[in-house]
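S.K.: here is the input, now give the coordinates:
(2 chains)
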2 protein chains.
Amino acid sequence: MAPFRLVMDSFWFSPYSFSAFVGLTEKGIPFEIQELALHKQENKTIEYRKSSITGRIPAIQHGEFWLAESGAIIEYLDDVLPTPSYKSLLPQKLEEKAKARMILAWIRSSRDLMPLITERSTETMFYERAKSPLSEAGQKSAEKLIEFANLLLSESSDFLFDSWCIADTDLAFALHRLILNHDPVPRHLKQYAEVQWQRPSAKAFIDRPRPDYVSY
Amino acid sequence: MAPFRLVMDSFWFSPYSFSAFVGLTEKGIPFEIQELALHKQENKTIEYRKSSITGRIPAIQHGEFWLAESGAIIEYLDDVLPTPSYKSLLPQKLEEKAKARMILAWIRSSRDLMPLITERSTETMFYERAKSPLSEAGQKSAEKLIEFANLLLSESSDFLFDSWCIADTDLAFALHRLILNHDPVPRHLKQYAEVQWQRPSAKAFIDRPRPDYVSY
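M.R.: Okay, the predicted model is just below:
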């Protein structure tokens, strides 16, 4: 098998780098990491734009093949490293797989989440906690996330489906924007998110020593 | 097979309704359409929020199963209506499939595209053309889209890969924000996008008689 390389942000705080990192780690394969300093615009070089096409992180390189967009990376990993030899990142059951994809897509594209993402940036998760309470828009955004999670997890549960999938990791990351900043989160959702946070593949990212943050 | 229903916007101008509509149409199966008047917040009812989970359109109902997020809908259609009995919406070859997913994901989530989406809204595509030239941010956004398309389609070609896939339809939609508003688009990309625009599954959406637009 050709070697894998993950290209990600040097501050280790992109939610999408996190998702791709956890995906690769769960597959149990060795992979190289290349950090790009986004504050130095290292993702804007012609070389990286040509390889990644999007100019965004994360991207993976597998042999000669390049791929950006974390959702597409997750799918690719399940395609080239299939179950049962490797752990599946998405559920096996068709309807659960569909719901997991819906969750990944919503977290990546919902405008409803934008105020939350701005006011509870990943800088407030991994560097310095937020200094202000959520604005009205931020609160609405947080409520939307909680409603979304509640509709999927109406009762206390460790996982969205029968066992772990990558959507658990992604949803837990979003909830941790609130949890780490001591914003209110219903107890069963907090417990659920904390289970994902303790997962070794997630901890390897979360506990990583980080360089000083430089605003950009 | 349980019947399919597509829940979409009543103005027929959501790019994601378009993608799901084309996907269902390409599968060649009958499906019902339910229009929601977003300007009347018909997507904000408790009932719809519970069914869709996201409260967004499009969503599909397949028997008792509900699914929102157009990217997840496309995947689900390929899973429940597989090739060779049905046309595949995503490419068959693993690396091409991955790239197609990357394209769908980028179009749905890139912040780089936001100024273009705002200044060349789908209202300007299906109702009244834009009245102002692109701002500096809008131009940068347009350049980003064109760079993206150029990296994927360096030469004149009808399709991204060997034959049509849903990413062609989505990419052509984004390019038509510029084309329909007479903003400059390189000739080979314009020709490519126009091929997709003429596709019967796309025309069935594009040429649909629309109700008067109500701003919301």
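S.K.: hey, let's count contacts and neighbours off CA atoms from now on
M.R.: Noted.
S.K.: SS state for A:Leu145?
M.R.: Here A:Leu145 is recorded as helix under DSSP: H, G, I helix; E, B strand; the rest coil.
S.K.: hmm, it is touching A:Arg111, no?
M.R.: No. Applying CA atoms under 8 Å as the test, A:Leu145 and A:Arg111 come out as separate, 11.3 Å apart.
S.K.: near the closest residue to chain B within chain A, how many other residues are there?
M.R.: Residue of chain A nearest chain B, by CA to the nearest CA: A:Ser109 (4.8 Å). Counted with other CA atoms under 10 Å in any protein chain shown, residues neighbouring A:Ser109 total 18.
S.K.: got phi/psi on the closest residue to it other than its chain neighbours?
M.R.: In space, A:Ser109 comes closest to B:Ser109 once its chain neighbours are excluded; the distance is 4.8 Å by CA to CA, 6 or more residues apart in numbering or on different chains. Reported as degrees, to the nearest 10, the phi and psi values for B:Ser109 are phi -130, psi -10.
S.K.: then A:Glu75?
M.R.: Per-residue torsions, A:Glu75: phi -60, psi -40 (degrees, to the nearest 10).
S.K.: before we move on, back to that, of A:Leu145 and A:Arg111, which one has the most company?
M.R.: Shown here are A:Leu145 and A:Arg111; by other CA under 10 Å, A:Leu145 has more neighbours (23 against 13).
S.K.: for the more buried one, what are its contacts?
M.R.: For A:Leu145, the contact set (CA atoms under 8 Å, 6 or more residues apart in numbering or on different chains) comprises A:113, A:174-175.
S.K.: then A:Phe159?
M.R.: Going by CA under 8 Å, 6+ apart, A:Phe159 touches A:165, A:168, A:192.
S.K.: hmm, the first one is touching A:Leu90, no?
M.R.: Yes. Here A:Cys165 reaches A:Leu90: they are 5.3 Å apart, a contact under CA under 8 Å.
S.K.: follow-up on the earlier one: can I get the contacts of A:Leu145 in TSV with pLDDT, secondary structure and distance to B:Met8?
M.R.: Shown next, in TSV, are these (pLDDT from 0 to 100; DSSP: H, G, I helix; E, B strand; the rest coil; distance: CA to CA, whole Å):
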residue	pLDDT	secondary structure	distance to B:Met8
A:Leu113	97	helix	21
A:Ala174	98	helix	27
A:Leu175	98	helix	29
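S.K.: export those as CSV, with columns for neighbour count and distance to chain B.
M.R.: What follows is the contacts of A:Leu145, written out as CSV (neighbours: other CA atoms under 10 Å in any protein chain shown; distance: CA to the nearest CA, whole Å):
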residue, neighbour count, distance to chain B
A:Leu113, 21, 11
A:Ala174, 22, 15
A:Leu175, 22, 16
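S.K.: near chain B, which residues of chain A show up?
M.R.: A:50, A:53-54, A:65, A:67-69, A:71-73, A:75-76, A:79, A:94-95, A:98-99, A:101-102, A:105-106, A:108-109, A:148, A:151-152 (CA under 8 Å from any CA of the partner chain).
S.K.: secondary structure element for the nearest residue to A:Glu75 once chain neighbours are set aside?
M.R.: Using CA to CA, 6+ apart and skipping the chain neighbours, the partner closest in space to A:Glu75 is B:Ala98 (7.4 Å). Element membership of B:Ala98, judged by DSSP states H and E, is helix B:94-109.
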